[in-house]
Each structure stands twice: as C-alpha cells, then as structure tokens.
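Asks: Quick check, what structure comes out for this input:
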Amino acid sequence: MTINKGVPMPNQLESRVKALEEWRNKQMIVQALSENNMKHMDERFDRVENAIKGITDNIKEITESKNKVGSRVLWIVGTAVISAFVMFVINGGLSIAPS
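Replies: Numbering: from 1, shown residues only. Sure, this is the predicted structure:
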C-alpha cells in the first residue's frame with residue numbers, strides 16, 4: 001500500500017506516528033518511575049549508611065571508654081604495687097640482718 005517509490009500512504013503515516021507517540025509516552029513514564037525508584041533507593045542507602053556510621057561511632061566510644069577504664073585500673077594496680085613495695089622497705093624488709 002505504497003504510493004510512488006515506496007512512500008507510505010498518509011493514513012499509514014498517521015497510525016505509525018500515533019504508535020510512536022504512544023511508545024514514547026510509555027517510555028517516558030517508565031523512565032520517570034525508574035528515576036523515582038532510584039531516588040528512593042539512594043535515600044534508603046543513605047539511611048542505612050548513617051545507621052551503620054552511628055553504630056560504629058558507638059562501638060568506638062565504648063572501646064575508648066573501656067581503654068580509659070583499663071588504663072585507670074592499670075595505674076591503680078601499679079600504684080598499689082609500688083606503694084606495697086615502699087611499705088615493705090620502710091618496715092625493714094630490705095634490711096640485712098647482722099650475723
């Protein structure tokens with residue numbers, strides 16, 4: 001149904017243009033939905049990332065506070081050992097008994 005030299009008839013052109021416009025509109029809708037879904041996924045990933053960062057920050061705080069407590073306990077035990085040794089020396093524990 002072509003006229004001279006392969007040129008389509010006007011009614012065929014009209015139906016083809018309508019079909020192309022419908023296809024293009026569907027593609028635009030699909031693309032808009034895809035972009036919207038990607039935006040929501042990005043927001044979800046950002047929330048997950050922030051939650052993980054918060055958890056790691058809390059873990060760092062806990063380990064640092066334990067290190068501080070451990071350091072304080074070590075200083076207390078070290079001071080107690082040194083104090084006990086000094087008391088031992090003061091009470092004559094290092095004196096040489098006369099033979």
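
Asks: looking just at contacts, which helices and strands does the helix or strand encompassing Ala84 meet?
Replies: Per DSSP states H and E, Ala84 falls inside helix 10-90. Helix 10-90 makes packing contacts with no helix or strand when contacts are defined by 3 or more Cβ pairs under 8 Å, 6 or more residues apart in numbering; DSSP states H and E. All C-beta spots, glycine's among them, are computed from the backbone N, C-alpha and C.

Asks: Surely Leu94 is in a strand?
Replies: No. Leu94 is assigned coil when assessed by DSSP: H, G, I helix; E, B strand; the rest coil, not a strand.

Asks: Go ahead and confirm it touches Phe88.
Replies: Yes. The criterion here is Cβ atoms under 8 Å, and Leu94 meets it with Phe88 at 7.4 Å.

Asks: burial measure for Gly70, as a count.
Replies: The local packing of Gly70 (other Cβ atoms under 10 Å) involves 10 other residues.
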